[in-house]
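Asks: here's a sequence, model it:
(one chain, ligands or ions: 1)
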Amino acid sequence: MRTVKVAVAGFGGVGRATATLLLSRRERYRRVHGADVRIVAACGSSAGVADPAGLEAERFDALKDGLTGPDFVAASGADILIEAGPTDFRTGGPGLAYIRSALSAGRDAVVISKGALIHSGRELRESAQVSGAMLKISGAAAAALPTIDLLDNSLTGCKVLGVDGVLNATTNHLLDAMTTRGLGFEQALREAQAGGFAEADPRNDVEGWDTACKLLLIANFGLGADLTMHDLAVEGIQSVTAGDVAAWRAAGLVPKLVGTIAFEGGVIRASVGVRTYPPTDPFAQVRGKAKAIRIMTDGMGETVAISNGAEPLATAAAALKDLEHILVARAKGRSS
Ligand SMILES: NC(=O)c1ccc[n+]([C@@H]2O[C@H](COP(=O)([O-])OP(=O)(O)OC[C@H]3O[C@@H](n4cnc5c(N)ncnc54)[C@H](OP(=O)(O)O)[C@@H]3O)[C@@H](O)[C@H]2O)c1
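Replies: Residues are numbered from 1 along each chain as shown. Next up is the predicted model:
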């Protein structure tokens with residue numbers, strides 16, 4: 001039985017959910033992968049905990065001041081970093097230093113925050129290639145909704161002609177409330193904030209930036225593009241009025257905030273904006289906080305996936321899917 005040591009950097013709602021789910025699956029990892037998977041370190045911004053013998057859940061609340069930072073994680077001897085810090089695509093966020101440190105030392109990385117991948121994605125991919133480390137990003141690229149995996153595995157060999165995605169749960173929830181219950185944008189937003197479905201500062205979601213981040217990751221990591229946020233035309237839903245929604249309803253159309261990747265003259269273009277669909281379209285069925293992706297290919301036509309897993313469990317499960325893919329690949333002695 002091989003021992004696989006995991007460190008978790010960023011220990012908020014998602015980091016803790018991932019660590020807890022990992023512990024509940026240890027028996028599966030032993031049985032299916034012949035691996036004794038241990039969490040040997042976990043940290044937030046100012047405190048952490050480490051034990052080479054492996055941490056149990058009761059130690060997750062006993063973080064000690066000062067045990068944090070990329071060097072702390074490296075010192076834990078982890079084989080795999082799970083990174084779940086805050087997302088900041090303008091600077092790369094604190095996750096960037098952790099991921100850089102892990103990949104350059106040949107440690108595999110399962111990345112859940114989007115910031116570093118947007119800011120320095122090419123550098124990180126190159127670093128992984130040089131060191132032979134694996135870089136997995138399902139948690140960042142719409143989490144439970146399969147995006148990169150679909151492109152990498154299920155559509156192998158096909159030429160991708162276009163991608164559309166309903167990639168942000170909050171905006172889908174808001175547009176759904178406006179459409180089905182006739183609420184105005186501000187009213188729907190206040191209600192969602194009161195229910196914990198929208199952030200106190202909702203701009204990242206409602207202005208389309210979260211959708212743009214996920215779309216860019218799909219383009220760069222799934223389709224080999226090299227886009228930056230400056231290449232994307234981004235519009236959100238903040239200007240959608242009750243009058244717009246009423247007009248779409250009258251026309252039998254359902255609005256969605258959609259990220260679109262298109263190929264124009266061989267050049268990849270990506271944009272985010274509101275698009276409308278007839279009720280028969282699969283995207284019109286994407287209700288509440290669900291997400292969806294539609295990929296058009298030459299060989300397999302349209303492939304549509306819809307996902308509605310509850311957070312943070314769904315994101316934790318997506319990250320641990322990546323972890324298992326790493327266990328399988330390492331058992332075969334290869335990197336990707
Ligand atoms: N929530 C979701 O459903 C969801 C879904 C998909 C992806 N994500 C992504 O997952 C990430 C985490 O989300 P969350 O909801 O768990 O956020 P959160 O509760 O705010 O947790 C963020 C964690 O990062 C830690 N952190 C901040 N700076 C750090 C540093 N320099 N070193 C180490 N840790 C640091 C924070 O530590 P302190 O507590 O000490 O400040 C906190 O533990 C975000 O990037 C988010 O975009 C979230």
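Asks: would you put the C-alpha positions of the longest helix belonging to the chain in CSV?
Replies: Looking across the chain with DSSP state H, the single longest helix is helix 313-331. C-alpha atoms of helix 313-331 as CSV (Å, rounded to 0.1, in the frame of the first residue of the first chain):
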residue,chain,number,x,y,z
LEU,A,313,-20.1,19.3,-1.2
ALA,A,314,-20.3,19.4,-5.0
THR,A,315,-17.1,21.4,-5.3
ALA,A,316,-15.4,19.1,-2.8
ALA,A,317,-16.5,16.1,-4.8
ALA,A,318,-15.2,17.6,-8.0
ALA,A,319,-11.8,18.3,-6.4
LEU,A,320,-11.6,14.7,-5.2
LYS,A,321,-12.5,13.4,-8.6
ASP,A,322,-9.3,15.2,-9.7
LEU,A,323,-7.5,13.6,-6.8
GLU,A,324,-8.6,10.1,-7.9
HIS,A,325,-7.5,10.8,-11.5
ILE,A,326,-4.1,11.6,-10.1
LEU,A,327,-4.0,8.4,-8.0
VAL,A,328,-4.9,6.4,-11.1
ALA,A,329,-2.3,8.2,-13.3
ARG,A,330,0.5,7.9,-10.7
ALA,A,331,-0.3,4.2,-10.3
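Asks: show me where the stretch 201-336 of the chain has helices.
Replies: Using DSSP state H, counting those that start in this stretch, the helices found in the stretch 201-336 of the chain span residues 203-206, 209-217, 242-250, 313-331.
Asks: need the residues of the stretch 201-336 of the chain near the ligand, please.
Replies: E311, P312, T315 (Cβ under 6 Å from any ligand atom). Backbone N, C-alpha and C define where each C-beta goes, glycine included.
Asks: contacting residues for L323?
Replies: L323 is in contact with V6, L22, V37, I80, I82, V110, K136, counting by Cβ atoms under 8 Å, 6 or more residues apart in numbering.
Asks: what's the spacing between it and the ligand?
Replies: If you measure L323 against the ligand using Cβ to the nearest ligand atom, to the nearest Å, the figure is 15 Å.
Asks: can you pull out the strands in the stretch 1-150 of the chain?
Replies: Applying DSSP state E, counting those that start in this stretch to the stretch 1-150 of the chain gives strands spanning 2-9, 35-43, 47-50, 64-65, 80-83, 108-111, 135-136.
Asks: which strands or helices does the third one pack on?
Replies: Translated: strand 47-50. Using 3 or more Cβ pairs under 8 Å, 6 or more residues apart in numbering; DSSP states H and E, the elements in contact with strand 47-50 are strand 35-43, strand 64-65, helix 70-75.
Asks: got the contact list for it?
Replies: Identification of contacts with strand 47-50 by Cβ under 8 Å, 6+ apart yields 11, 40-43, 55, 59-60, 62-68, 72, 75-76.
Asks: buried ones among those?
Replies: Using 16 or more other Cβ atoms under 10 Å as the burial test, the contacts of strand 47-50 include F11, V40, A41, A42, C43, L55, F60, L63, L67, T68, F72, S76 as buried.
Asks: list just the nearest of those to V163.
Replies: For these, the minimum distance to V163 (Cβ to Cβ) is 32.9 Å, reached by F11.
Asks: so D149 makes contact with G139?
Replies: No: with contact defined as Cβ atoms under 8 Å, D149 does not reach G139; the gap is 11.8 Å.
Asks: those two: who's more crowded?
Replies: G139 (28 against 19; other Cβ atoms under 10 Å).
Asks: next, the contact list for the more buried one, please.
Replies: Applying Cβ under 8 Å, 6+ apart to G139 gives the contacts V14, T18, A84, V110, V111, I112, T315, A318, A319, D322.
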